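Peer 1: 3D model of this:
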Amino acid sequence: MATTFQTVDEYIATFPSEVQEVLEMVRRTIHTAVPDAGEKISYQIPTVTVGGKPVVYFSGWKEHISLYPIPDLDESMTERVEPFRSGKGTVKFPLGQPI
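Peer 2: Down below sits the predicted model:
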C-alpha cells in the first residue's frame, strides 16, 4: 500500500538522512526566493504555493531530486539548466553532486 503524506516534513522524513539534507536545502532555497510561499502535499510530493495555488513541486528519488514545472528561462539560465532537463518542464539533479 502506498504511503499518504499529510505534510512536507512527513514526506522528507521517509528518505535517508543525506537525501533529507538535499530536500531541506531545496525547500529552504525556494522559501528564500519566495518568502510568503506556503506548502502542501499534492500528488503525494511537496508543493510550494503562492496564494494557495501550486507554483513548483519538488521530489526525491533514488538517484536524483526533481523540480517541476520549470518556467521559461532567460538564455543564460537555460544554458545552465539544460544538462539537468528531463522533459520540457522537469529538471533532475543527481544526488551526490552539487545543485
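
Peer 1: and the residue nearest the centre of the chain, which helix or strand is it part of?
Peer 2: By Cα atoms, centre = their mean, the chain has its centre lying nearest to residue 58, at 2.1 Å. Residue 58 belongs to strand 53-60 when assigned by DSSP states H and E.

Peer 1: which residues touch that strand?
Peer 2: Contacts with strand 53-60, where a contact means Cβ atoms under 8 Å, 6 or more residues apart in numbering, come from 12, 15, 19, 22-23, 26-27, 30, 34, 37, 42-43, 45-49, 65-69. Quick note: C-beta positions are derived from backbone N, CA and C, even for glycine.

Peer 1: what about the chain, any weak spots by pLDDT?
Peer 2: Filtered on pLDDT under 70, the chain yields the residue ranges 1-2.

Peer 1: let's go with 80 and repeat that
Peer 2: For the chain, the stretches flagged by pLDDT under 80 are 1-3.

Peer 1: now the helices for it?
Peer 2: Assigned by DSSP state H, the chain shows helices spanning 8-13, 17-33, 75-81.

Peer 1: quick one: contacts of the shortest one?
Peer 2: In this case it means helix 8-13. Applying Cβ under 8 Å, 6+ apart, the set of residues contacting helix 8-13 from outside is 5, 20, 23, 24, 27, 39, 40, 41, 44, 45, 46, 60.

Peer 1: surely the third one and residue 65 touch.
Peer 2: Yes: taking Cβ atoms under 8 Å as the definition, residue 23 is a contact partner of residue 65 at 6.6 Å.

Peer 1: picking that back up, what lines up beside the strand holding residue 58 in the sheet?
Peer 2: For strand 53-60, the paired strands and their directions (DSSP bridges) read strand 45-50 (antiparallel), strand 64-68 (antiparallel).

Peer 1: and it, what's buried?
Peer 2: Across strand 53-60, burial judged by 16 or more other Cβ atoms under 10 Å covers 55, 56, 57, 58, 59, 60.

Peer 1: list the contacts of residue 84.
Peer 2: Neighbour list for residue 84: 91, 92, 93 [criterion: Cβ under 8 Å, 6+ apart].
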